[in-house]
Structure formats: C-alpha cells, structure tokens
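Peer 1: after the sequence you'll find the predicted model.
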Amino acid sequence: MRKKILLIILTTIVILLLGAGGFTYYLWSMVTSTVASIQVKYESKERLEKINIKEGDPISVLLMGIDDPEGRQLHGRADALILLTINPHSQSMHVVSIPRDSYTKIIGKGTKDKINHSHALGGSGMAIRTVEKFLGIPVDYFIKGDMKSFVDIVDAVGGVKVDNDLDFTIYGVHYPKGTINLNGKEALGYSRMRKDDPRGDFGRQLRQRQVVEAVIDKGSHISSITKFDDIFKVIENNVKTNLTFNDMWEIQSNYKKSLQNIVQHQIDGKDSKINKSYIFIPDKEKLDELSNELKKHLEIDKQ
C-alpha cells in the first residue's frame, strides 16, 4: 500500500535539472557524481525515429515507485506508475496516473496480470514494455525509486503545502479541509488514504499528484547546499534512471517551461475480481482515446 515514490522521483529530476541554474562547482560535482551512480541503460524499441532532445523533441517519462518493504521479491512491485509526456513546442506536460491493479497483458510473460506485477516479474524492462503496450506509446525515459526515500525527500525540501478537499484522519493524524502544511511522514499518510474517500483510488491519485506538484515547487526553489546534499544522498541510495547527465542538462534548457502547464488524466474503467483478487478493468474505448491524445502530444502520427 506504500506507493509514493513518483513524487520523490519527479522532485528528484526537477531538483537535479530545473534547479540547476546557479550551481557552484561543489553542487555541480555533487550532481554529476549522483547522476553517474544512478544511471542504467535502456532504449525503447517502439520509437521509429530516434528523439533529439537538443532540438526539443517531445518526450515521455515513466515514473515507477517500487515497493517491497520486506525484500520478498527480486525486483519488487511497481505500486506507483505515472507516465509523463512533455512537449516544449506546446509548453505543456501531460500526466497519466496508471491504476496499479489494471489488468493487462504482461509483455515478456505472455499472460495477463495486474500491471504493478510486471516489475516484480521482470524488472524495469518488463514494466516499461508493458506500459508501452498498455498506453500504445513509446517510453523514452524512466525514473524509478524505492518507497523508503519518500519521507526523506519531502523533509529535505522543507515539507510541502497542499489544498485538501476532504476532511479525514489516518494513522492518528487529522487532515482538515483547506490549505495544510505537511512534513514527510504526514505527506505519506496524505498520499496513502483511500478508504475514506468516495472517489476511491482516483482520490488517492489526485492527492499523489498534489504532493508531486508541491514538491516540484519547493524543490525548484532550494538554494541551501546542505539540503541539496541531503537530497542527493537519498537519490543515490534509492533511484535509478536511464537519463544521462547530458540528457538532464538538455531537458533543463529545452523543457523547463513545459512543467508550468500540467494536464492531468485518469484512466476510466471498472473494478472487478479474478480468482478472489481485486483487479481494475480499463475502459478500452476511453483508453484508446487517451492513447491517441498522448500520441498527438508526442507528435507521433496515429498508427
């Protein structure tokens, strides 16, 4: 149930890239060292033409929050999945929250299962290929991290402020309606709550996105070297990405304004059960419409 690294992840990237404008040599060294330590290789096979971020081609980024607190699985489940498409031409970013229980074909296994199981079954590659098939678009970059880092990241940026539209209590903490300030532990509880929300998992996804945007805002204004140091340590221990430092620098230069215009999407469908296990069945027609919209945003011709 702990599925919040997407916040940490996006924050991570924004702090590394978009907050990078006034780096001292010390901060620059920390950034390059951190990025080198978290980089892994992956290239989508779904791209017909190689993207050029120097020229500002639209890109997609998959954020994965991996949760396996007891180390029971080799890879852990991808219990948080958020797909971003970023288009500097329209200066906009589309954000898709993928329900973790979405029932779909697991690419590489040939069977159907919950989409969050794809990472546990085959690691980053299988999870990415499954999301590509599910949404019908290529995934150019991915960033994944361990859930344990969430609290540390929120605390490292000095906490976040969100507008809460639902009065509720969870884990002994009361969250009143209105604008509230949250530390890392409080933000985690805020992002987890589902049972007392009539919107169910969609309400939880909304709160997740709120925290993502709040951390981005705080992270992009950080100037303290001590805070940067704390953040980089958390990132180094918990985050992996196929973005290189040069990629990040080009994104900082060419894609920054896109983060100021965010379009959010949710995947429609219905709840169901299979073998006594809860699953989510996406509405195929609505999913196809979303796929076409994302292709358009990525400037990919409809197949």
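Peer 2: Structure received.
Peer 1: now do the same for the spatially closest residue to residue 166 that is not a sequence neighbour: its pLDDT.
Peer 2: The shortest distance from residue 166 to any non-neighbouring residue, by C-beta to C-beta, 6 or more residues apart in numbering, is to residue 197 (6.0 Å). (Glycine included, C-beta is placed from N, CA and C.) Looking at residue 197, its pLDDT stands at 91.
Peer 1: ditto for the one 3 residues further on
Peer 2: Per-residue confidence at residue 200 stands at 84 (pLDDT).
Peer 1: what about it, distance to residue 243?
Peer 2: Computed as C-beta to C-beta, to the nearest Å, the residue 200 to residue 243 distance reads 33 Å.
Peer 1: confirm that the residue nearest to residue 166 sits in a helix.
Peer 2: No. Going by DSSP: H, G, I helix; E, B strand; the rest coil, the assignment for residue 197 is coil, not a helix.
Peer 1: tell me how many other residues surround it.
Peer 2: Counted with other C-beta atoms under 10 Å, the neighbours of residue 197 add up to 16.
Peer 1: that one and residue 190 touch, don't they?
Peer 2: No. Taking contacts as C-beta atoms under 8 Å, residue 197 lies outside contact range of residue 190: 11.2 Å.
Peer 1: surely residue 123 and residue 78 touch.
Peer 2: No. Residue 123 is beyond contact range of residue 78, at 9.8 Å (criterion: C-beta under 8 Å).
Peer 1: looking at the two, which is more packed in?
Peer 2: Neighbours per residue, other C-beta under 10 Å: of residue 123 and residue 78, the larger number sits with residue 78, 31 against 17.
Peer 1: any chance of the backbone angles for the nearest residue to residue 81 once chain neighbours are set aside?
Peer 2: For residue 81, ignoring the flanking residues on the chain, the nearest one in space by C-beta to C-beta, 6+ apart is residue 98 at 4.0 Å. Dihedral angles of residue 98 (phi, psi; degrees, to the nearest 10) stand at phi -100, psi 120.
Peer 1: neighbour-wise, which of residue 200 and residue 243 wins?
Peer 2: Legend: neighbour count by other C-beta under 10 Å for residue 200 and residue 243, higher for residue 243 (23 against 12).
Peer 1: so which strand or helix has residue 86?
Peer 2: Element membership of residue 86, judged by DSSP states H and E, is strand 77-87.
Peer 1: contacts for whichever helix or strand comes after that strand next, please.
Peer 2: As assigned by DSSP H and E, the chain's next helix or strand after strand 77-87 is strand 92-97. Contact with strand 92-97 is made by 81-87, 135, 205, 208-209, 212, 258-259, 261-267, 290, 293-294, 297, as judged by C-beta atoms under 8 Å, 6 or more residues apart in numbering.
Peer 1: just the ones in helices from those residues, please.
Peer 2: 135, 205, 208, 209, 212, 290, 293, 294, 297 (DSSP state H).
Peer 1: ok, the second one - contacts?
Peer 2: Neighbouring residues of residue 205 by C-beta under 8 Å, 6+ apart: 97, 99, 266.
Peer 1: so which bits of stretch 268-282 are buried?
Peer 2: Buried residues in stretch 268-282, counted by 16 or more other C-beta atoms under 10 Å: 269, 279, 280, 282.
Peer 1: and if you look at stretch 158-176?
Peer 2: Buried residues in stretch 158-176, counted by 16+ other C-beta under 10 Å: 159, 160, 162, 164, 168, 170, 175.
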